[in-house]
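Engineer: Pasting a predicted model and its sequence here:
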Amino acid sequence: MFDFTEQVVVIAGGRSGINRGIAEAFATAGARVAVFSRDQSKVDATVKALQELGAKACGFSADVRDSEAVQSGLQNIAAQWGAFDVLVSGAAGNFPALAGDMSSNAFKSVVDIDLNGSFNVLHHAYPLLNKPGASVINISAPQAFVAMLGQSHVCAAKAGVDMLTRSLALEWGGEGIRVNSIVPGPIENTEGMKRLATNEKMKELTRQSVPLKRLGRAQDIANACLFLSSEWATYISGVVLPVDGAWSLAGASGLNAVMETTLRS
Ligand code: HXC
Ligand code: NAP
């Protein structure tokens, strides 16, 4: 449906889960796809899988908290393939822990990966983006606007990510760069879901708390990414788009029923 032939797509955190689903969708739509995360051997396996889909693909390892490693990895991709048409920033960390029980370093580690790491990715990609025309997408979470038990670190970090989206949409709009957030709901078969819904009962509770009565699929998020980066969305910027079956509208009660089971039982 969408044609991204020869466009350069870079995905932070692209070796697994939702971000990998996004990488596969762009690869299938003809793009050249670069992925990076911390683990080189896992990045290599993902690159191979993308190549098997018929795409040009490459990758590198970098921790998004390491500003210099991110910069040099991104510069190498641009030297090889040219300016980036699409940048997806989706590297993140999460674990359920009540604020009173977690250390300062635990809180900091998630804020450093999700928020400061996103800044590093966006900041170093900025000079390498195709201007005009680039699409930048931050992967957020419902915790950005729905308070959730055991998720104070993620709530704070992802709220920051969405304000980064809005700020950069303002700052970079004049150069023809669009910046949006996508907010996935609970997505099946992902690390994020496994960490919050640790057994079948909790998975079912989560499913029931979604107004559309199903868990999301990585493809649901990839579809939104392709649309937002396509010619059909060239006037959309600064948007925080939930793709969550209306899960966030179910409010704290739906989400927190699940977390209550995890953290206070
Ligand atoms: C309390 C914990 C903890 C836990 C780690 N810590 N796990 N505290 N409960 N379960 C503490 C550690 O004790 C340490 O504090 C600090 O956090 C840093 O831990 P490290 O293991 O040294 O950090 P690091 O190796 O950098 O790993 C980062 C991580 C890890 C976030 C802790 O889990 C990770 O790498 N995650 C990446 C994959 C991931 O989380 N994917 C899911 C994304 S889903 P001290 O004080 O001991 O030094 C998502 C949203 C999902 O983001 C939304 C679903 C709806
Ligand atoms: P995931 O598979 O664990 O994805 C996270 C990715 O980020 C991994 O590829 C991981 O690879 C990479 N990463 C983690 N820490 C990193 C770091 N410090 N530096 C570089 N890369 C790092 O989890 P997921 O559930 O699919 O989540 C993907 C995105 O969707 C995240 O932004 C998450 O917040 C968001 N989200 C998920 C859900 C859900 O239901 N799963 C819901 C809402 C939002 P390495 O470990 O190899 O580094």
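Structural biologist: Structure's in. What do you need? Computed from a predicted structure; not experimentally measured. Numbering: from 1, shown residues only. Ligands and ions are numbered 1, 2, ... in the order given.

Engineer: chain center to the lengthiest helix in the chain, what's the gap?
Structural biologist: Longest helix of the chain, by residue count under DSSP state H: helix 152-172. Between the centre of helix 152-172 and the centre of its chain there are 12 Å (CA atoms, centre = their mean, to the nearest Å).

Engineer: for residue 245, what are its contacts?
Structural biologist: 185, 210, 211, 212, 213, 214, 216 (CB atoms under 8 Å, 6 or more residues apart in numbering). Yep, even glycine has a C-beta here, placed from its N, CA and C like the rest.

Engineer: Relative to residue 37, which of these is nearest.
Structural biologist: Among the contacts of residue 245, residue 216 lies closest to residue 37 (CB to CB), at 21.2 Å.

Engineer: quick one: contacts for the closest one?
Structural biologist: With the criterion set at CB under 8 Å, 6+ apart, residue 216 makes contact with 184, 185, 186, 187, 188, 243, 244, 245.

Engineer: which residues does the third one contact?
Structural biologist: To tie it back to what came earlier, the one meant is residue 186. Contacts were defined as CB under 8 Å, 6+ apart; by that measure residue 186 touches 192, 193, 196, 197, 206, 207, 210, 215, 216, 244, 247.

Engineer: out of the residues you listed, which touch ligand 1?
Structural biologist: 192, 196 (CB under 6 Å from any ligand atom).

Engineer: In helices, which of the contacts of residue 186 fall?
Structural biologist: Going by DSSP H, the helices hold 192, 193, 196, 206, 207 from the contacts of residue 186.

Engineer: State the distance from residue 199 to residue 210.
Structural biologist: The spacing between residue 199 and residue 210, counted by CB to CB, to the nearest Å, is 18 Å.

Engineer: ditto for residue 8
Structural biologist: Separation of residue 8 from residue 210 (CB to CB) stands at 35 Å.

Engineer: So which of those two has more stuff around it?
Structural biologist: Taking other CB atoms under 10 Å, residue 8 and residue 210 do not tie; residue 8 has more neighbours (25 against 20).

Engineer: Bridged to that one, which residues?
Structural biologist: Applying DSSP bridges to residue 8 yields these beta-bridge partners: residue 32.

Engineer: that older thread, what residues does the longest helix of the chain touch?
Structural biologist: If you take CB under 8 Å, 6+ apart as the criterion, helix 152-172 is touched by 92, 94, 97-99, 102, 106-107, 109-111, 113-115, 118-119, 122, 126, 136, 138, 140-141, 143-145, 147-148, 177-181, 183, 237-238, 240.

Engineer: residues near residue 213, how many?
Structural biologist: 9.

Engineer: Helix, strand, or coil at it?
Structural biologist: Each residue gets one of three states, and residue 213 gets coil by DSSP: H, G, I helix; E, B strand; the rest coil.

Engineer: ok, it - contacts?
Structural biologist: With the criterion set at CB under 8 Å, 6+ apart, residue 213 makes contact with 207, 245.
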